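Colleague: Below: sequence and its predicted model.
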Amino acid sequence: MPMLPVLPEIQSHVLAEFDCLDPLLSALRLDSGRLKCTCLTASRKWLALGTSAGGLHLIQREGWKQRLILTHKEGSITQVACCPHDEDFIAVATSQGLVVVWELQLERRGRPERVSVSWEHRGQVITSLCWDTAALRVFAGDAGGKVSYLRAGSSKLGKGSGFVIFPVQTITTVDSRVVQLGYLDGRLLVSSLSRCYLCDTEREKFWRVGNKERDGEYGACFFPLSRGQTAGQPPLLYCARPGSRLWEANFTGEVLSTHQFKQLLAIPPIPLVSYRSEPQYNTAQKSSQSIAFPRLLYFGDQKLLTWTDSAIYVFTPQSGQVLLWTEVKDVSEIAVYRNELFCLHGDGRLSHLSLLSVERCVERLLRREAWPLAAAVCVMFQQAIAPARARKSIPIDRLDHLKSQLSVFDDVDLIGQLEEVITKLEPLDSASSSRRSSISSHESFNVLDCGIYRVISRRGSQSDEETSSLVSQSMVEEERLKEFSFVQEEEQHQQGAEHDPPGGVILEGERSEPSSSHPFHLPLSFRPKHSRIALQAVRDSVSSFVKKTTEKINTLQMNSDLWPRPPDPKEGTHGNVEVIAVPASFPEDVDNEEPIDQPTAKSELQDLITATQRVLAQIQDPLVLFDPVCLKGTLQEWVLLLERVLGPEEQRSACDGKSVVGQEGDTDVPPEITAICPEELTEEVQEEEDVVKRRDDSSQWCEGQEDHRRPEEPPETTDAQPPAPEPLRVCSPKPLLSDLQADLTQLATLHLELGCFEDPAVRNERGEVGVVGFLRRWFFLLDQERVRSMCLLSYREQPEVHSSFMEAMLEVTQTSKMTEVIQKGDLLKSLRCLRELQPWSSPVLLSHLHRLYEKHGEVAVRSFAQFYPTILPSDIDAMANQSHFLAYLDNLVQSRPEEQRLSFLGSLLQPETLRQDWLVLALTHDAPQQSDTLTADGQPRWHSHFFSWGYGRLLSLLIRLPAHLAAKQTMAETCRSHGFWTGYIYLCNELQRRTEALSTICRLDDMCLLEEPHGIVPQTMEEWKVLLQLSQQCRASSSSQTPSTTTASSRTCSPSLSNGGSAEGPSSSQTSMTPENLLLRLARSVGPDRALVALHEVGLQSEVELGPHSTLVCELLRMAEKRQRALIQTMLERCDRFLWSQHA
């Protein structure tokens, strides 16, 4: 066997064929050239096969046994459909146009019976059948475009149930052949060769889905929303479009978005796992595919399935991704039930496929003992079975057993590849998995598809008991560690005695204080390691410290000049050596060496606890709480103590007055010190600089994420050289009690929210940090949710604050399992994992979405609407650039029902000034050029309102929101300056500036704008007169210049305010704003005589000559008016005679 290729990316699902249906076809004699299978359908119980001889075979899926055969003499079977809510009914269509509904009566062991028959489609080929989801009614569509329904009587309801009124009724006749039918919740979806239609069968209402036509077989189907936040919302519908596209529309037929799969299909096909042949995978990159999807089927769980004659495609339209596509030859029809597919091929052959995850596929192959095929799948999809979560379905021992079942002669290469896969597997008992298993031992949890363990703690359960036992265990281990430290201290004294300097000079720090006063504490985590492991780690740490101390003592013995001497008044205090004062006794923290004249860490921490409690008590006092100056002063004093205890090392040194002596500086060294040579000091300083440099390098990417559209903030300092960025600290330098941590978090977050910071000049003089520096220095003490809100509200104009917050959150979530999933690059899987992690923490979720946006760009940000309201538009605005934010906002608004969109958009406008900002953004992105909509003098260009605006729906909602007078005036001027004329006309009507609106309509030269809802209707004769004068002026001014050339498509498209769709309209001569057309419109409103009088009053009677058509219309209007008056008079006379007769 040749070496199998490995799929380069993680592929979560495959199509697998486990069952062979060839023996079934042979038993039914459907494998001969004379008799073939023509159609099929599947349900929970049945597999129904229609034949060319008019027979319908009902196969019981359990055991694949034939139960019934229904014969028809009216031709071959062309369509078959099982009733979804009652499997005792099945509908059949024949080649002669007959539709039959059969009742099987299997429960009563009776004979199958024809309960309804329809010849409504006689002589036509029926192309689609569809059942009502609630009633016994079946819909049929034929090649002529006729759509009808047939009501089925049932013997279960009695003999009278078959005598229904109008059992067969024609619903409609569409413009071309019916391609596919769909029904859900009272709506019938009809897909023809040219367009899709939506029909309310109860109210007899019809809608067209979209405005653009098509030419060819394109399917459509409903898409129920039943998961997550979309549960309970109206279903969606998807319509196929040319070029591998899908329209997504709501339940009223309004197109919400277009999904483009042409570029997403430019990947190699996923191999089909089948017993017929080995999986084949071609690593060559495919070109983009422009495909016409002839049918669309709702498949499995929130998926869409379609096919061509050579491949099967599965999409997840909610995320706009391709789940997989697989090459399957000669496919003519597919029936689905849940995640199973039954394919009918052109030669009459049947295949039964299943959509499974890779690990489930391997598990089923192992259960069926298909050893070579299971090994091949493991090798080719090794990236899907390598994670630890796959061990639940495919343990390592089962793969070892699989390897042992392979032939050492025929499968040598396969065995070698499988061994390499086994070495890459993540075991369940790995370090991370063992921690998860420890969680599962005392807490309830569930495992998500991405491998993340979601732990649900139960109070009062075994978890609490084990927590208390762990605390007691940690106390016992600390006692044992104290004893262990004594032994190491004795070893340290023995080594120090061997290397005593000559003359019996001994450092006082080693003798004066016993080691018991400085016990060595190791903070234990919630789940401590085994005591032996912990003691070994402590022993290694202490041994390293003893070795380091011994080396320093030896260095001091060899360099006697470095020994500290008492200051000689004659020689002065100048030294030539740089020294740092450190305590010689056994320290509590090896890395933080402190001078002996400073209080110990324990006493400092106690001072911090006392000061924190005191400040908390003070801010409860109303005199302090409601006095901003006093409150800020109290917090600033507390921050100084916080800097001294928990601040960075250099900051604590500055606060404590720590003296560092240079080569020419004064030195005052106490006698109880340990000196460090300059070489060692230089190495330590260099190490600290390297650490700071690495932190700075890791934070540079976040500084570059500032949006170029935001104004740059002035620097906080007045120096020409900007200060170095503050190192980011996301972990506490010292272990803190939970109560103390909570109190410190409350005060530190309050300090940041109040902005207790001085001016930049004062801060530089005092050495204090600003907002960004405080956030980066004390992030481990801050409340993440409050900081997020503060960045969006208080520091909205300082993007560097939000940038620092995002950098900190990215650092906090760096080790998260979700981060690993995102880094693998599968957007669909990442979004699914994020949805399963509810309830969300806003800052953590925001950091994950930031990573997704950095990796996938606009494709990712369009899907962020599903995380509202946890993630707000202001979060996305701070994260993404303008064009991507507009796409997110448009998707977010369109995700709501149509009647709720206006109020929902209004709720997002916090503060109110966002309305104008979003309006300008929507007018400047994906919009026509201003030279196409405005003339040189700033007037509307002819027919410029026909241009399509990319965010026309969002613009329509923004200008229709309630607003005060000044805001509407500002929006009107904005729409005018950008050439958004339909919005400008609407706002002028709202502002009672109807003359300006009428003037704009005249310049746009479109009579359709005199109709609602996209225009205004003149209400008085004065407005009609003004309109006549304006039209004549515009015609006179434009007579000297030729109007700008427009395409035919631009003249027939509807205004962009109506979603930018195109629609067929009247000819240009009938829609032009001429005085003659206006006169006819006025004559229809008030009559031809009054219209001519108005024309005479404005002085245009001599200039306007009515053509034959206009003259005929006026005469007809006069005749209609006379007849109407006569009819009214006749009716009044008859009523009068009737009343007098009753009176008599």
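Modeller: Good, I have the coordinates.
Colleague: Where does pLDDT dip in the chain?
Modeller: Scanning the chain for pLDDT under 70 picks out the ranges 1, 154-166, 227-232, 429-601, 650-725, 758-768, 1035-1070, 1099-1107, 1109-1112, 1144.
Colleague: let's see 50
Modeller: Applying pLDDT under 50 to the chain flags the ranges 159-164, 431-445, 456-534, 556-599, 658-685, 687-689, 691-720, 1042-1067.
Colleague: SS state for L323?
Modeller: Here L323 is strand, with the state taken from DSSP: H, G, I helix; E, B strand; the rest coil.
Colleague: hang on, isn't it packed against L828?
Modeller: Yes. Counting by Cβ atoms under 8 Å, L323 does reach L828; the two are 7.2 Å apart. From N, CA and C alone the C-beta is placed, and that goes for glycine too.
Colleague: list the residues that contact both of these two?
Modeller: Shared contacts of L323 and L828 (Cβ atoms under 8 Å, 6 or more residues apart in numbering): T316.
Colleague: now the strands for the stretch 1-150 of the chain?
Modeller: If DSSP state E, counting those that start in this stretch is used as the criterion, the strands of the stretch 1-150 of the chain fall at 13-19, 37-42, 46-51, 55-60, 65-71, 77-82, 89-94, 99-103, 113-118, 126-131, 137-142, 146-151.
Colleague: how about CSV for those, with mean neighbour count and distance to R391 added?
Modeller: Shown next, in CSV, are the strands of the stretch 1-150 of the chain (neighbours: other Cβ atoms under 10 Å; distance: least, Cβ to Cβ, whole Å):
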stretch, mean neighbour count, distance to R391
strand 13-19, 20, 19
strand 37-42, 22, 34
strand 46-51, 24, 35
strand 55-60, 20, 37
strand 65-71, 14, 38
strand 77-82, 24, 40
strand 89-94, 25, 44
strand 99-103, 24, 49
strand 113-118, 18, 54
strand 126-131, 23, 43
strand 137-142, 27, 48
strand 146-151, 22, 53
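Colleague: Now stretch 626-644: buried residues?
Modeller: For stretch 626-644, the neighbour count (16 or more other Cβ atoms under 10 Å) marks L631, K632, T634, L635, W638, V639, L641, L642, E643, R644 as buried.
Colleague: circling back to that earlier point, neighbour count winner among L323 and L828?
Modeller: Neighbour tally, L323 and L828, criterion other Cβ atoms under 10 Å: the higher count belongs to L323, 20 against 16.
Colleague: The closest residue to that one other than its chain neighbours: neighbouring residues, count only.
Modeller: Residue nearest to L323 in three dimensions, not counting chain neighbours: V314, with 4.4 Å by Cβ to Cβ, 6 or more residues apart in numbering. Using other Cβ under 10 Å, V314 is surrounded by 23 other residues.
Colleague: Helix, strand, or coil at V314?
Modeller: Under three-state DSSP, the three-state class of V314 is strand.
Colleague: where along the stretch 801-950 of the chain do the helices fall?
Modeller: Counting by DSSP state H, counting those that start in this stretch, the stretch 801-950 of the chain has helices at residues 817-823, 827-836, 842-856, 858-861, 873-879, 882-894, 901-908, 914-924, 930-933.
Colleague: other SSEs contacting the second one?
Modeller: In this structure, helix 827-836 packs against strand 321-327, helix 817-823, helix 842-856, with contacts taken as 3 or more Cβ pairs under 8 Å, 6 or more residues apart in numbering; DSSP states H and E.
Colleague: Give me the buried positions along it.
Modeller: Those would be L827, L828, K829, S830, L831, R832, C833, L834, for helix 827-836 by 16+ other Cβ under 10 Å.
Colleague: Ok, the last one next?
Modeller: Going by neighbour count (16+ other Cβ under 10 Å), the buried part of helix 930-933 is T933.
Colleague: And stretch 792-804, by the same measure?
Modeller: Neighbour-count burial for stretch 792-804, with 16+ other Cβ under 10 Å as criterion, is recorded at L792, Y795, R796, Q798, P799, E800, V801, H802, S803, S804.
Colleague: And for stretch 844-857?
Modeller: Residues of stretch 844-857 classed as buried: V844, L845, L846, S847, H848, L849, H850, R851, L852, Y853, H856 (neighbour count, 16+ other Cβ under 10 Å).
Colleague: would a markdown table of the helices of the stretch 801-950 of the chain with distance to L744 be doable?
Modeller: Output for the helices of the stretch 801-950 of the chain, formatted as a markdown table (distance: least, Cβ to Cβ, whole Å):
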| stretch | distance to L744 |
| --- | --- |
| helix 817-823 | 27 |
| helix 827-836 | 31 |
| helix 842-856 | 18 |
| helix 858-861 | 36 |
| helix 873-879 | 27 |
| helix 882-894 | 36 |
| helix 901-908 | 35 |
| helix 914-924 | 35 |
| helix 930-933 | 56 |
